[in-house]
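Trainee: any chance you can model this:
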Amino acid sequence: MEEIRENKMGNTPMLRLIISMSLPAIFSMLVQSLYNIVDSYFVAKISMDALTAVSLAFPIQQLMISLAVGTGVGVNSLVSRRLGEKRQREADLAACHGAILAFFTSLLFALFGLFGSRWFLGLFSQNANVIDLGTQYLSVVCICSFGSFVEIAFEKTLQATGNMIYPMLFMLVGCVTNIILDPILIFGLFGLPKMGILGAAVATVIGQILAMCFSLYVMFRKSHAVHVTLKGFRFHGPTIRDIYSVGIPSMIMQSISSFLVMGLNQILSAFSETAISVLGVYYKLQSFVFMPVFGLTHGLMPIMGYNYGARKKARLLSCLRIGICIACGIMAVGTLLFWIFPAQLLTIFDGSGEMLAIGVPAFRSISLCFIPAAFGVIFSTIFQAVGRGKNSLFISVLRQLIVILPAAYLFSKIGLGYVWYAFPLAEIISLVASLLLFSRFYKLHIHNLESKPVSPAV
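Mentor: Residues are numbered from 1 along each chain as shown. Below is the predicted model of the structure:
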């Protein structure tokens with residue numbers, strides 16, 4: 001059997017390793033953020049109702065990504081740990097399971113797209129035009145979600161091996177295709193029919209399917225640290241359990257944000273549909289701040305998982321420290337942008353006077369959560385990397401259900417401007433909880449890591 005190389009994640013100087021593994025993911029995440037903004041920019045040119053419709057559909061799209069990424073995180077964590085432990089066959093098996101599980105999950109959203117889209121949108125709006133537009137958009141992106149699910153599974157698998165270039169290219173293929181097709185299909189350029197909001201949805205799924213096709217070619221035709229084959233494939237219960245022991249908490253943790261947005265939309269609907277649009281625009285714009293940090297975690301997670309599996313305590317902690325510093329720096333820049341240029345950011349989406357009046361103070365208030373959030377994201381990453389997904393889940397539930405929604409509801413009784421302060425309050429409380437959980441985990445599992453065998457994930 002070919003010897004497993006560890007000289008990259010196990011021996012390369014840490015800062016250089018983090019930069020080399022994170023930069024491709026950060027770049028691809030920035031392109032994804034650009035797509036998010038470009039998509040909403042063109043939709044806003046159709047009408048404010050169209051922008052509101054896309055904002056209402058956003059939680060379901062976020063839920064799809066959450067389940068896809070959650071499965072991928074479980075695979076990533078398991079593959080990187082098994083490679084660190086030099087258990088090649090189990091790493092290969094985990095990689096095979098990832099793609100199959102992702103595809104079957106996408107079928108659930110296809111059913112929702114067929115039968116649940118209009119019902120869902122009707123929960124948040126009585127505007128018939130908004131519901132019609134949203135149904136057109138949401139049905140297509142759900143029915144054809146298989147492209148996104150399979151591509152993300154392969155993306156996370158390769159990241160677990162230390163290969164960050166192909167995952168970057170997968171995302172670039174999807175995003176660039178999407179950006180190019182958006183105006184063509186929405187406005188009917190080059191002789192094509194004008195499809196409006198439906199064109200935005202079609203552009204999205206075409207990009208995702210092309211990215212999936214490229215990922216299939218790479219996984220089955222190129223050489224990698226793990227071998228994926230469907231020949232003789234059978235589901236293996238322990239592998240599924242190990243994937244979902246991290247994957248399900250990650251899914252729930254990321255899915256909570258979808259339910260958070262739904263809850264916030266319900267609270268904001270008591271004020272105006274413009275307030276809902278402001279929240280939707282915020283989530284599009286904040287991706288320029290959070291996506292680079294998430295790209296950083298794509299580089300950090302396999303490094304952490306590998307060195308935890310290899311029982312290299314010093315490298316694990318070095319990765320954590322450097323990751324926190326870089327994440328805080330990114331978030332500090334984001335905070336400054338949202339404080340200095342909130343009006344300019346809103347005008348990208350043809351913001352009306354009402355949107356500016358609501359959005360400028362909202363952006364400044366919410367952005368106070370950015371730096372505390374940096375710590376939470378990195379601590380969640382190390383918990384996931386070492387197989388303790390339940391810790392990340394607890395922090396996410398605390399931040400997005402136990403704190404932020406009740407706080408937003410109570411603040412709404414004072415006034416709309418106070419609702420936004422629920423964001424920084426929730427991040428500060430979750431930061432304290434993260435520090436306490438990590439302190440306990442360090443004493444139990446990291447302090448004597450180099451002299452004790454790695455305990456199984458729980």
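
Trainee: secondary structure class for Ile414?
Mentor: Put simply, Ile414 is coil when judged by DSSP: H, G, I helix; E, B strand; the rest coil.

Trainee: for it, grab the count of nearby residues.
Mentor: Residues near Ile414, counting by other CB atoms under 10 Å, number 10. C-betas here are computed from N, CA, C, even on glycine.

Trainee: now it: phi and psi?
Mentor: The phi and psi values for Ile414, taken as degrees, to the nearest 10, are phi -90, psi -40.

Trainee: report the separation between it and Leu425.
Mentor: As judged by CB to CB, to the nearest Å, Ile414 and Leu425 stand 13 Å apart.

Trainee: Gly199: what's it in contact with?
Mentor: Counting by CB atoms under 8 Å, 6 or more residues apart in numbering, Gly199 touches Leu181, Asp182, Ile184, Leu185, Ile186, Phe187, Gly188.

Trainee: now, the residues you listed that are in helices?
Mentor: Using DSSP state H, the members of those that fall in helices are Leu181, Asp182, Ile184, Leu185, Ile186, Phe187.

Trainee: give the contact list for the closest residue to the last one other than its chain neighbours.
Mentor: Just to be clear, that refers to Phe187. Leaving out its chain neighbours, the residue that sits closest to Phe187 by CB to CB, 6 or more residues apart in numbering is Lys194, at 5.9 Å. Residues near Lys194 by CB under 8 Å, 6+ apart: Ile186, Phe187, Gly188.

Trainee: thinking again about what came up before, what subset of the contacts of Gly199 is buried?
Mentor: Buried members of those, scored by 16 or more other CB atoms under 10 Å, are Leu181, Asp182, Leu185, Ile186.

Trainee: what distance do you get for the first one to Gly199?
Mentor: According to CB to CB, Leu181 stands 8 Å off from Gly199.

Trainee: kindly report the same for Asn391.
Mentor: 43 Å.

Trainee: so which bits of stretch 341-357 are buried?
Mentor: Neighbour-count burial for stretch 341-357 flags Pro342, Leu345, Leu346, Phe349, Gly351, Met355, Leu356 (criterion: 16+ other CB under 10 Å).

Trainee: in TSV, list these along with secondary structure and distance to Phe290.
Mentor: Shown next, in TSV, are the buried residues of stretch 341-357 (DSSP: H, G, I helix; E, B strand; the rest coil; distance: CB to CB, whole Å):
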residue	secondary structure	distance to Phe290
Pro342	helix	17
Leu345	helix	15
Leu346	helix	18
Phe349	coil	18
Gly351	coil	21
Met355	helix	22
Leu356	helix	23
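
Trainee: go through the residues you listed and say which is closest to Gln126.
Mentor: Met355 (20.3 Å; CB to CB).

Trainee: against Gly334, how distant is that closest one?
Mentor: Computed as CB to CB, the Met355 to Gly334 distance reads 21 Å.

Trainee: next one: Ala426
Mentor: Distance from Ala426 to Gly334, counting by CB to CB: 17 Å.

Trainee: those two: which has the busier surroundings?
Mentor: Neighbour count, other CB under 10 Å: between Ala426 and Gly334, Ala426 has more, with 26 against 22.

Trainee: wait, doesn't that one sit right on Val403?
Mentor: Yes. Applying CB atoms under 8 Å as the test, Ala426 and Val403 come out as touching, 4.1 Å apart.

Trainee: quick one: contacts of the one helix or strand Ser396 maps to?
Mentor: For Ser396, the host element (DSSP states H and E) is helix 389-397. By CB under 8 Å, 6+ apart, the residues outside helix 389-397 that reach it are 73-74, 77, 245-250, 252-254, 256-257, 376, 379-380, 383-384, 430, 433-434, 437, 441, 457-458.

Trainee: now with 7 Å, please.
Mentor: 245-246, 249-250, 252-253, 256, 376, 380, 383-384, 430, 433-434, 437, 441 (CB atoms under 7 Å, 6 or more residues apart in numbering).

Trainee: and stretch 59-74, by the same measure?
Mentor: 98, 101-102, 105, 109, 120, 138, 141-142, 145, 148-149, 152-153, 155-156, 243-244, 246-248, 250-251, 254-255, 257-258, 261-262, 384.

Trainee: which residues are contacting stretch 102-122?
Mentor: Against stretch 102-122 from outside (CB under 7 Å, 6+ apart): 56, 60, 64, 67-68, 71, 131, 134-135, 138-139, 142-143, 145-146, 149-150, 152-153.

Trainee: same question, stretch 403-411
Mentor: Identification of contacts with stretch 403-411 by CB under 7 Å, 6+ apart yields Leu260, Gly263, Leu264, Ile267, Tyr418, Val419, Tyr421, Ala422, Phe423, Leu425, Ala426, Ile429.

Trainee: give the contact list for the third one.
Mentor: Leu264 makes contact with Leu279, Ala408 under the criterion CB under 7 Å, 6+ apart.

Trainee: distance of it from Ala203?
Mentor: 27 Å.

Trainee: the fifth one now?
Mentor: Counting by CB to CB, the gap from Tyr418 to Ala203 is 38 Å.

Trainee: swap in the second one?
Mentor: For Gly263, the distance to Ala203 under the criterion CB to CB works out to 29 Å.

Trainee: low-confidence ranges in this protein?
Mentor: 1-7, 36, 253, 350-351, 450-458 (pLDDT under 70).
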